[in-house]
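J.: Need coordinates for the following:
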Amino acid sequence: MDLLTVLVLNLIFILISTFAAQYIIAEHLSAFFKKFAKPAIILIAGIQIGFCISFSLIATEHFMFDLRLIPIVLGGLYGGPIVSIVLFMIAIVARIPFGGSGIWVSFFNTLTITVFISYISVSFKEYPLAKKLYTVVGIAVSYTILIFLMKAAIFNDPSELWFIFIYGITLTAGIFIVTYFIEITKQNNYLYKAMIKSDKIEVVSHLAASVSHEVRNPLTVTRGFLQMLKDPSITEDKRLFYLNTAIDELDRAETIIKDYLSFAKPQSKITSAICVKDEIEKALELIIPYANHFSVNIKKDLMTGLYVYGEAPKFHQCILNIIKNGIEAMPEGGDMLISTREKENGLASIVIKDTGCGMSAKQLAKLGEPYYSTKAEKGTGLGMMVVYKIIHEMAGTIEVQSKLDEGTQFTITLPLSS
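T.: All right, here's what the predicted structure looks like:
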């Protein structure tokens, strides 16, 4: 293989393995990666180093040209000094079997890069994106200049200009692309988590008004009975009745507040079998005051024994978002039906139907897109985007049917838990 083919093959493998590792970690192993970040980086970068050395171009004096510098540099910068030292040793051990005088140039250059990386890795994560890119590009250019100068000066074996140009450009562009890809993926994951948190806060703020109304009712009753206790002429039986009623009303207010806080507080990321009926009823307990505020009558037809697999808080939020949107689509009041059924092929079906204002075909086509909302200036579109993302994570699908002035029906299909 010629130089360009070797370098492109190296770069493709590094990109694919980096993408696969980040996807698996983000979707399934985020908790594991937080605990074992350094060993995971060493494993991924070590595999990339081994592949690059195995598929490299061997020139005179056994000089080997490949893109092993990319995992060495990025692994050290993101993993820290210990990871950088381990990757240096892996690169040298993998290089030794090929022998030749070029091994000493490789040893010196890699050691120099490792020392520099170990020094700046402590603060590298805090760099802005532009500075990170400038840093890795500077390392790649310096490495290229250093290795070809040593090859020419020490071994009297200058390389042709086109050879230096292709290697330098490919190495520099490769490390730039991989670094940018890693940063963008990290940023997207961060924005997605922030979006979910922001959307949940928005739902909480909308529920707050209706919850405060529900809490005010028992407090008003309690205040009235306590005022009546001031009357010295009331009998002991009435006094006990007033006290017990006041206590019952305070207990009711406490229950409302507990339900509200259990929704608003941070939740653990534990996947398990979720009882569909229980989670929908929990969501309804929270949303009923909000529905009453809009004069919306919610009917339910929930089948027992349906279990799906996922994170209960996310599923709870998903159902709550759809119900809340349906309620807000009926500002003058209306009816909502929530039903669940078991379908063929081990699937559960959740249908949420309202008699609201509905959506046009154009609006329906854009549903779930970020920053698109049917609520004019009041909506961001993030709520439905989160709903689609959660259902997708649970290996499910959403089908939406809607007609203007007739209403909307959401049909969620999820695989049943074994």
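
J.: Which helix or strand contains residue 184?
T.: The secondary structure element spanning residue 184 is helix 161-228 (assigned by DSSP states H and E).

J.: Oops, could you answer that again for residue 402 instead?
T.: Here residue 402, judged by DSSP H and E, is contained in strand 397-403.

J.: tell me the angle of the helix or strand following that strand relative to strand 397-403?
T.: Past strand 397-403, further along toward the C-terminus, the next helix or strand under DSSP H and E is strand 407-415. Relative orientation of strand 407-415 and strand 397-403, computed by axes from the mean of the first three to the mean of the last three C-alpha atoms, to 10 degrees: 170 degrees.

J.: so where is this protein shaky, pLDDT-wise?
T.: Confidence mapping of the chain against pLDDT under 70 gives the ranges 26-29, 60-62, 196-197, 199-214, 217, 255-256, 258-270, 368-383.

J.: repeat that for 50
T.: 370-372, 376-380 (pLDDT under 50).

J.: And the strands in it, which stretches?
T.: In the chain, the strands defined using DSSP state E lie at 57-58, 64-65, 271-275, 296-301, 307-311, 334-343, 347-354, 397-403, 407-415.

J.: phi, psi of residue 406?
T.: Listed backbone geometry of residue 406 is phi -120, psi -30, with angles given as degrees, to the nearest 10.

J.: actually residue 233, not the one I wrote
T.: Recorded main-chain torsions at residue 233 are phi -90, psi -10, according to degrees, to the nearest 10.

J.: What's the separation between it and residue 243?
T.: Residue 233 sits 16 Å away from residue 243, going by C-beta to C-beta, to the nearest Å. Placement of C-beta: from N, CA and C, glycine included.

J.: hang on, residue 218 packs against residue 254?
T.: No: no contact is recorded between residue 218 and residue 254 when judged using C-beta atoms under 8 Å, the distance being 9.0 Å.

J.: the more surrounded of these two?
T.: Regarding residue 218 and residue 254, a neighbour count based on other C-beta atoms under 10 Å identifies residue 218 as having more, with 20 against 12.

J.: how near is the residue of the chain most remote from its centre to residue 239?
T.: Within the chain, residue 233 marks the point farthest from the mean C-alpha position, 64.5 Å out by C-alpha atoms, centre = their mean. Relative to residue 239, residue 233 is positioned 11 Å away (criterion: C-beta to C-beta).

J.: again, but for residue 127
T.: Computed with C-beta to C-beta, the distance linking residue 127 and residue 239 is 71 Å.
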